[in-house]
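Student: what's the 3D shape of this:
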Amino acid sequence: MNNYLNYIKHSEKKISLYCNQLAINNKFIFYFFRIITIAADWWMYFIYAIFLLLYIEFNTTKNIIILGSVSFSIHYSVYYLIKNTIKRKRPFDEEKNTIKCLVKPPDKYSMPSGHSSGITIITLILIYQLKINIFLFVAPFVILSRIFLGVHYLTDTIIGILLGYISYNLASFIIG
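Tutor: Below is the predicted model of the structure:
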């Protein structure tokens, strides 16, 4: 089991280094991922709510905002518990000589990716509540952006996706 975990850790460090070097050496990749990662910054959730209020019927918007609020309440509770229990160093902290931080991370630790979990919640809300699939195309790039920008490992983003999925579905169950 320990050999398997070491293999995963070694592999994701290689993936992180490769992706980060691509972003460092290619300005298009850097700016693309730098811009796309903003779609899951915490303040963007307020922008999405404003767009809903402007363009979607009020009762539908109210229900979506309630669902999002419950989802994110669950998400952030578990997110901070995991972050502050595991305390996994970010790639740029772990590999100071090879991986560069290309965006300011919102906190100190790497696991799980809050951007990955947040964009997963937003995507599920849009798909299941509004039947809008556009974020299906954006979400993978947001998730990848965190690896390219040097702030997360692949497993951080996978755990983030799972956390977002569980938070959304638990909130849906609670709200009924």
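
Student: count of neighbours near Asp107?
Tutor: For Asp107, the tally of surrounding residues (other CB atoms under 10 Å) stands at 11. C-beta: built from backbone N, CA, C; applies to glycine.

Student: and the one 10 residues further on, by the same measure?
Tutor: Applying other CB under 10 Å, we find 30 residues neighbouring Ser117.

Student: excluding chain neighbours, what is closest to the residue most central in space within the chain?
Tutor: With distances taken as CA atoms, centre = their mean, Ser116 lies nearest the centre of the chain, 1.6 Å away. Nearest non-adjacent residue to Ser116, counting by CB to CB, 6 or more residues apart in numbering: Gly160, 3.0 Å away.

Student: where is the longest helix in the protein?
Tutor: Determined from DSSP state H, the single longest helix within the chain is helix 58-86.

Student: would you mark the buried spots in it?
Tutor: The neighbour-count check on helix 58-86 (16 or more other CB atoms under 10 Å) flags 61, 64-65, 67-68, 70-72, 74-76, 78-79, 82-83 as buried.

Student: likewise for stretch 40-52?
Tutor: Going by neighbour count (16+ other CB under 10 Å), the buried part of stretch 40-52 is 40, 45, 48, 52.

Student: same list (those residues) but as a markdown table, adding distance to Lys104, pLDDT and secondary structure.
Tutor: Below are the buried residues of stretch 40-52 laid out as a markdown table (distance: CB to CB, whole Å; pLDDT from 0 to 100; DSSP: H, G, I helix; E, B strand; the rest coil):
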| residue | distance to Lys104 | pLDDT | secondary structure |
| --- | --- | --- | --- |
| Ala40 | 14 | 90 | helix |
| Tyr45 | 18 | 90 | helix |
| Tyr48 | 22 | 91 | helix |
| Leu52 | 28 | 92 | helix |
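
Student: now distance to Ser16 too, for those, in TSV please.
Tutor: What follows is those, written out as TSV (distance: CB to CB, whole Å):
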residue	distance to Ser16
Ala40	19
Tyr45	27
Tyr48	29
Leu52	35
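
Student: looking at those residues, which is nearest Ile99?
Tutor: Ala40 (20.5 Å; CB to CB).

Student: ok, the closest one touching Gly118?
Tutor: Yes. In this structure, Ala40 is within contact of Gly118 by CB atoms under 8 Å, at 4.7 Å.

Student: output the contacting helices and strands for the lowest-mean-pLDDT helix or strand in the chain.
Tutor: Among the helices and strands of the chain, helix 135-148 carries the lowest confidence by mean pLDDT, DSSP states H and E, at a mean of 88. For helix 135-148, the elements it packs on are helix 2-25, helix 27-36, helix 114-130, helix 154-175, judged by 3 or more CB pairs under 8 Å, 6 or more residues apart in numbering; DSSP states H and E.
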